[in-house]
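J.: What shape does this take:
(chains A and B)
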2 protein chains.
Amino acid sequence: MIRQPYLLFLGDAADSLAAKVAQGIRDWRPDAAIGQYRMPGCNADVGLEDMSIEAAREAGARTLVIGVANRGGFIPDAWRSVLVKALDAGLDIASGLHNLLCDEPDLVARAGAKGCRLHDVRIPSVSYPIANGQKRRGRRCLGVGTDVSVGKMYTALAMDREMRRRGMKSTFRATGQTGILITGDGVPLDAVIADFMAGSIEYISPENDEDHWDLIEGQGSLFHASYSGVTLALIHGAQPDALVLCHDPARSEMRGLPGYRLPSLPELGDVALRMARMVNPACQLAAVSVNTKSLGDDEARACVAAVEAETRLTTTDPFRFGAGRLVDALPE
Amino acid sequence: MIRQPYLLFLGDAADSLAAKVAQGIRDWRPDAAIGQYRMPGCNADVGLEDMSIEAAREAGARTLVIGVANRGGFIPDAWRSVLVKALDAGLDIASGLHNLLCDEPDLVARAGAKGCRLHDVRIPSVSYPIANGQKRRGRRCLGVGTDVSVGKMYTALAMDREMRRRGMKSTFRATGQTGILITGDGVPLDAVIADFMAGSIEYISPENDEDHWDLIEGQGSLFHASYSGVTLALIHGAQPDALVLCHDPARSEMRGLPGYRLPSLPELGDVALRMARMVNPACQLAAVSVNTKSLGDDEARACVAAVEAETRLTTTDPFRFGAGRLVDALPE
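T.: All right, here's what the predicted structure looks like:
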């Protein structure tokens, strides 16, 4: 667990897209962050109070979260002095960068001296078990996509928020770096050793109350040649009771796979349900989440209606129209 | 690549089953090993000349292969002195043990001093790429199983041997520790990081002559909750032209998953073909390989006939009856 509350480090972000991790935390866990730290030249702003390290510490911050992508694959010297200062002030640091905090001797030494933790969420911090396939109490919903990066994380986060708003019991279960930074916990599934993938999902989604829903973040796509194995392990580890199909209507071919067409939503639903029922015969296709960010309002509504007609499943864009209909569509 | 020829280390194997890796090398690559090394109390014998380290070195051995399983998860002291002597004589050492040679400081130091290599085939030695899904020249056959450990490796090895016997171009591609030790090369797929699984298969099965067949060793099962992700990554990385369904009629439930029934062969064929056609629309179900080792000769023949009737696919037990019919059944 990454200790909260956070100070969000925006660094010298070139634009708001570079700070999308910080924005995700701000959007989905507004209570988790108490301020933002911006360096000269920063062009991002997630709308939190600008704070110095000292002020953040004083206000109760426990962890500085690197909420910005770096360029060139290294930690810039300009960042480094801020990170050292944060450790000196007793803050932990959490990072999803490819280059690891734990590979930086000066940060490791300073953290050790101060008793602070360095969280590299890019790599697993747990020795996961091999999946045992045993049925666990509690309910689980998993997003599966026609392609990678079509909005599976946001769909699960939106459903979790809606369920909490209704007073239902729910937990978002992160399976990727951004989700882990947003919520402070989870598994970086794409970095897990092959034999332990499904087991890691059993681990992060343990037995729970009968009426508790885990909203498990989807990864990859069963139809994506590069990452499909990750997706199937996720389905078999999750033992989902409900699948939400996720789709971006603007995508014309599989991301990173020129010449590969996307499956139709009925194709996806058919294959994913078949795979899910191997481990949970009661699994249902619950709904469709479309990512209409490339469309205007009228087009988005038309797209939702067309998908609903094609799939005969409840369909919406939860970012645009709210996740209420997705939650309503979950099986009893 | 592990340098050949080998001296097969049988250690103090309690019985022949404990030395099954050595037996596999002896069975499938009889020219690869020039002798066996047995310690006092060894109850295994793969039928090679017993040799001292010195005699093996003299006869041209390049690598001592640990062909026996250890007990208790550590390298026994009685083994250690032999391993050190092998390094002193200039032999490399190859091991598929869970505990790694590279974690043994005395072996690492001795190997370094002598310029010898330690091969831990349990872990990957290559930084594999992410799969690109691009079509590669050459033909590929992959075994997929109704369960794990149903004879996929032996099926591929038997087909490879039969194709070579006929003068066809073929290569067995190992994806597990035993297969790697048998052939000296391959990927330990179950130990690869999730994101690189499919890419590792593209890497070990590169472009080749149009009329060359890769016989790719299957892993896991699409229906096995613990390992299905490995299997799907293997299918999508392999882009198989032909699938051979592998089955053990004596198996009543999935190995390690109490209460999970095995799929029928038609179910397996249907799902596996669907997944394979996502990356190679021309893929065909070629044949069925049944592992009849639990049956008598008449029962085995009846089993093969029954499976052939059920699946309408060419069926045989390649260990018992030869792999000729499997090779005959490959698509043109």
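
J.: C-alpha from now on. contacts and neighbour counts both.
T.: Fine.

J.: Next up, the contacts around A:Ala306.
T.: By C-alpha atoms under 8 Å, 6 or more residues apart in numbering or on different chains, the contact set of A:Ala306 is empty.

J.: Surely it is in a helix?
T.: Yes: assignment of A:Ala306 by DSSP: H, G, I helix; E, B strand; the rest coil places it within a helix.

J.: other SSEs contacting the helix or strand encompassing A:Lys85?
T.: A:Lys85 belongs to helix A:77-88 when assigned by DSSP states H and E. Counting contacts by 3 or more C-alpha pairs under 8 Å, 6 or more residues apart in numbering or on different chains; DSSP states H and E, helix A:77-88 packs against strand A:92-95, helix A:105-114.

J.: Distance from the chain centre to the shortest one, please.
T.: Distance of strand A:92-95 from the chain centroid (C-alpha atoms, centre = their mean, to the nearest Å) equals 17 Å.

J.: contacting residues around it?
T.: With C-alpha under 8 Å, 6+ apart as the criterion, strand A:92-95 contacts A:2-3, A:62-67, A:83, A:86-87, A:101, A:111, A:116-122, A:181.

J.: Please identify the pairing partners of it and their relative orientation?
T.: strand A:63-66 (parallel), strand A:118-120 (parallel) (DSSP bridges).

J.: among those, which is the most enclosed?
T.: Neighbour counts (mean count of other C-alpha atoms under 10 Å in any protein chain shown) averaged over each of the strands paired with strand A:92-95 peak at strand A:63-66, with a mean of 29.

J.: can I get the CA coordinates of that strand in CSV?
T.: In CSV, the C-alpha atoms belonging to strand A:63-66 read as follows (Å, rounded to 0.1, in the frame of the first residue of the first chain):
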residue,chain,number,x,y,z
THR,A,63,4.0,10.2,-0.3
LEU,A,64,5.2,12.2,-3.3
VAL,A,65,3.7,10.6,-6.3
ILE,A,66,5.4,11.2,-9.7
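
J.: Residues of chain A that sit close to chain B?
T.: When proximity is defined by C-alpha under 8 Å from any C-alpha of the partner chain, chain A lies next to chain B at A:130-134, A:189-199, A:223, A:225-234, A:236-237, A:256-257, A:275, A:278-279.

J.: let's see 7 Å
T.: A:130-133, A:190-195, A:198-199, A:223, A:225-230, A:232-233, A:236-237, A:257, A:278-279 (C-alpha under 7 Å from any C-alpha of the partner chain).

J.: got the residue ranges for the helices in the stretch 51-200 of chain A?
T.: A:53-58, A:77-88, A:105-114, A:152-165, A:177-183, A:197-204 (DSSP state H, counting those that start in this stretch).

J.: Mind putting those helices into JSON lines with mean pLDDT?
T.: Formatted as JSON lines, these follow (pLDDT from 0 to 100):
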{"stretch": "helix A:53-58", "mean pLDDT": "98"}
{"stretch": "helix A:77-88", "mean pLDDT": "95"}
{"stretch": "helix A:105-114", "mean pLDDT": "97"}
{"stretch": "helix A:152-165", "mean pLDDT": "98"}
{"stretch": "helix A:177-183", "mean pLDDT": "95"}
{"stretch": "helix A:197-204", "mean pLDDT": "98"}
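
J.: Return the most buried member of those helices.
T.: Mean neighbour counts for the helices of the stretch 51-200 of chain A (mean count of other C-alpha under 10 Å) peak at helix A:197-204, with a mean of 27.

J.: Sheet partners, orientation included, of the helix or strand just after that helix?
T.: Per DSSP H and E, the first helix or strand lying C-terminal to helix A:197-204 is strand A:212-216. In the sheet, strand A:212-216 lines up against strand A:139-145 (parallel), strand A:169-173 (parallel) (DSSP bridges).

J.: Including distance to B:Leu268 and mean pLDDT, could these go into TSV?
T.: Below are the strands paired with strand A:212-216 laid out as TSV (distance: least, C-alpha to C-alpha, whole Å; pLDDT from 0 to 100):
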stretch	distance to B:Leu268	mean pLDDT
strand A:139-145	22	98
strand A:169-173	31	98
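
J.: Out of these, which one sits most buried?
T.: Counting by mean count of other C-alpha under 10 Å, the most buried of the strands paired with strand A:212-216 turns out to be strand A:139-145, with a mean of 27.

J.: chain center to it: distance?
T.: 13 Å.

J.: Also stretch A:24-42?
T.: 17 Å.

J.: ok, residues contacting it?
T.: When contacts are defined by C-alpha atoms under 7 Å, 6 or more residues apart in numbering or on different chains, stretch A:24-42 is touched by residues A:4-14, A:46, A:48-52, A:56, A:61, A:182.

J.: ranges for the helices of the stretch 201-332 of chain A?
T.: A:228-238, A:265-277, A:297-311, A:318-321, A:324-328.

J.: if we can go back for a sec, could you dump the strands paired with strand A:212-216 into JSON lines and include distance to A:Glu308?
T.: Shown next, in JSON lines, are the strands paired with strand A:212-216 (distance: least, C-alpha to C-alpha, whole Å):
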{"stretch": "strand A:139-145", "distance to A:Glu308": "16"}
{"stretch": "strand A:169-173", "distance to A:Glu308": "26"}
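
J.: just so I know, which of these lies nearest B:Gly138?
T.: Among the strands paired with strand A:212-216, strand A:139-145 comes nearest to B:Gly138, with 31.3 Å by C-alpha to C-alpha.

J.: Minimum distance to chain B, which residue of the stretch 101-250 of chain A gives it?
T.: A:Gly229 (4.0 Å; C-alpha to the nearest C-alpha).

J.: Around that residue, how many other residues sit close by?
T.: Per other C-alpha atoms under 10 Å in any protein chain shown, the neighbour tally for A:Gly229 reads 36.

J.: Surely it is in contact with B:Gly229?
T.: Yes: using C-alpha atoms under 7 Å, A:Gly229 is in contact with B:Gly229, at 4.0 Å.

J.: Go ahead and confirm A:Glu210 touches A:Gly138.
T.: Yes: between A:Glu210 and A:Gly138 a contact is recorded at 4.3 Å, counting by C-alpha under 7 Å.

J.: More neighbours: these two, which one.
T.: Ranked by neighbour count (other C-alpha under 10 Å), A:Glu210 and A:Gly138 place A:Gly138 first, with 17 against 11.

J.: For the more buried one, give me its contacts.
T.: Taking C-alpha under 7 Å, 6+ apart as the test, what A:Gly138 contacts is A:207-213.
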